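A.B. asks: kindly generate the corresponding structure for this input.
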Amino acid sequence: MQKTLSFDMTGKPHNYQLNGKKLFFASDFHLGAPTSQESKLREQKIIQWLGEIEEEAAAILLVGDIFDFWFEYKEVIPKGFIPFISKLHQLRERKIPILFFTGNHDLWMKDYFTQELGIPVYHHPIELSVNGKSILVGHGDGLGPGDKQYKVLKKVFTNPFAQWLFRWLHPDLGVRLAKAWSGHSRISNVEKNENHFLGEDEWLWQYCKEIEARKHHDYYVFGHRHLPLELEVGTNATYFNLGEWVSQYTYLEFDGSEAKLMEFEK
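C.D. replies: Prediction:
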């Protein structure tokens, strides 16, 4: 499912002009992993990056797996991440729009960010119309061919009844179980060599080609693969993968006419 959205400085739909500023896209911070100490160091770097781009930012798009685990109980959210959330609050106080996309690690996000920070949360790819350019953006999990096992799991994880059952677990137990599963998933990804370029078998690249055959977009922007990629899709379209912030610190900036993959200082 895709939703069409363009936005202004308040987040209301309309065709958006950057007026000399830029869009910034980043994904796969995986805050909380692999250890609390390593996560806090990464959190500081992310906050530094946000501080350096805020003067230029027309909007910031956080494209999934920002947290290594996030589940919103009715009255409880996961412990930690106060500096990062405080920085997002500061940016919103400056009226900088932030769009938040769920990934496979934080797909249980509900309305906390929307109600407390005025940050919309998207669970599916959306289309943006910016300076006359069409951009399709989302995390990328479960899209394209292959990965059938995860697609089945995602149906379970997003099932309202399954989420209702999980919510009845005490948060201490629920978070502990989820973190154990998350750690297992990271190990599995390494064993599958998913951090290597797969050539024509890149499933998100294939997905972009399938969409482009039906409807043109100037840019396709996804995360999930943990690889910074810039690949042609047809004649006048480009697929970008944003990489990750565990070791690469890569992001995308769009100035209204050109999109570029960038690397923050290591």
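
A.B. asks: next, the buried residues of stretch 41-60.
C.D. replies: For stretch 41-60, a neighbour-count test (16 or more other Cβ atoms under 10 Å) marks 42-43, 46-47, 49-50, 53, 57-60 as buried. Backbone N, C-alpha and C define where each C-beta goes, glycine included.

A.B. asks: what score does residue 153 have for pLDDT?
C.D. replies: We have a pLDDT of 65 for residue 153.

A.B. asks: name the nearest of the buried residues of stretch 41-60 relative to residue 126.
C.D. replies: residue 59 (12.6 Å; Cβ to Cβ).

A.B. asks: in the sheet, who's paired with the closest one?
C.D. replies: Per DSSP bridges, the residues bridged to residue 59 are residue 23.

A.B. asks: got the phi and psi for residue 70?
C.D. replies: phi -150, psi 120 (degrees, to the nearest 10).

A.B. asks: the one 10 residues further on now?
C.D. replies: Its backbone dihedrals place residue 80 at phi 100, psi -170, with angles given as degrees, to the nearest 10.

A.B. asks: which parts of this protein are helices?
C.D. replies: 36-53, 82-93, 112-117, 148-157, 160-167, 171-191, 203-214 (DSSP state H).

A.B. asks: could you tell me the least trusted of those?
C.D. replies: What stands lowest among the helices of the chain, in mean pLDDT terms, is helix 171-191, with a mean of 57.

A.B. asks: closest to the centroid, which residue in this structure?
C.D. replies: In the chain, the C-alpha nearest the mean C-alpha coordinate belongs to residue 63, at 1.7 Å (Cα atoms, centre = their mean).

A.B. asks: make sure residue 223 is actually in contact with residue 29.
C.D. replies: No. If you go by Cβ atoms under 8 Å, residue 223 and residue 29 don't touch, sitting 9.8 Å apart.

A.B. asks: more neighbours, the two?
C.D. replies: Shown here are residue 223 and residue 29; by other Cβ atoms under 10 Å, residue 223 has more neighbours (31 against 28).

A.B. asks: burial count for residue 90?
C.D. replies: 14.

A.B. asks: I'd like to know how far it sits from residue 138.
C.D. replies: Distance of residue 90 to residue 138, given as Cβ to Cβ, to the nearest Å: 26 Å.

A.B. asks: over to residue 112?
C.D. replies: Per Cβ to Cβ, residue 112 is found 20 Å from residue 138.

A.B. asks: comparing the two, which residue is more hemmed in?
C.D. replies: Neighbour count, other Cβ under 10 Å: between residue 112 and residue 138, residue 138 has more, with 28 against 15.

A.B. asks: measure that one to residue 76 for me?
C.D. replies: 27 Å.

A.B. asks: hmm, back to that, who touches both of residue 223 and residue 29?
C.D. replies: Contact criterion Cβ atoms under 8 Å, 6 or more residues apart in numbering; residues shared by residue 223 and residue 29: 65, 244.

A.B. asks: before we move on, back to that, which residue comes closest to the residue nearest to the centre of the chain once chain neighbours are left out?
C.D. replies: Excluding the flanking residues, the one nearest residue 63 by Cβ to Cβ, 6 or more residues apart in numbering is residue 27, at 3.8 Å.

A.B. asks: residues near that neighbour, how many?
C.D. replies: Neighbour number of residue 27 under other Cβ under 10 Å is 31.

A.B. asks: again with residue 230
C.D. replies: Counted with other Cβ under 10 Å, residue 230 comes out at 12.

A.B. asks: just checking, it touches residue 261?
C.D. replies: Yes. Here residue 230 reaches residue 261: they are 5.7 Å apart, a contact under Cβ under 8 Å.

A.B. asks: what residues are shared contacts of the two?
C.D. replies: Taking Cβ under 8 Å, 6+ apart as the contact rule, the neighbours common to residue 230 and residue 261 are residue 240.

A.B. asks: quick one: the residue nearest to the centre of the chain and residue 198, what's the gap?
C.D. replies: 20 Å.

A.B. asks: which non-adjacent residue is nearest residue 249?
C.D. replies: Per Cβ to Cβ, 6+ apart, closest to residue 249 is residue 264, 4.2 Å.
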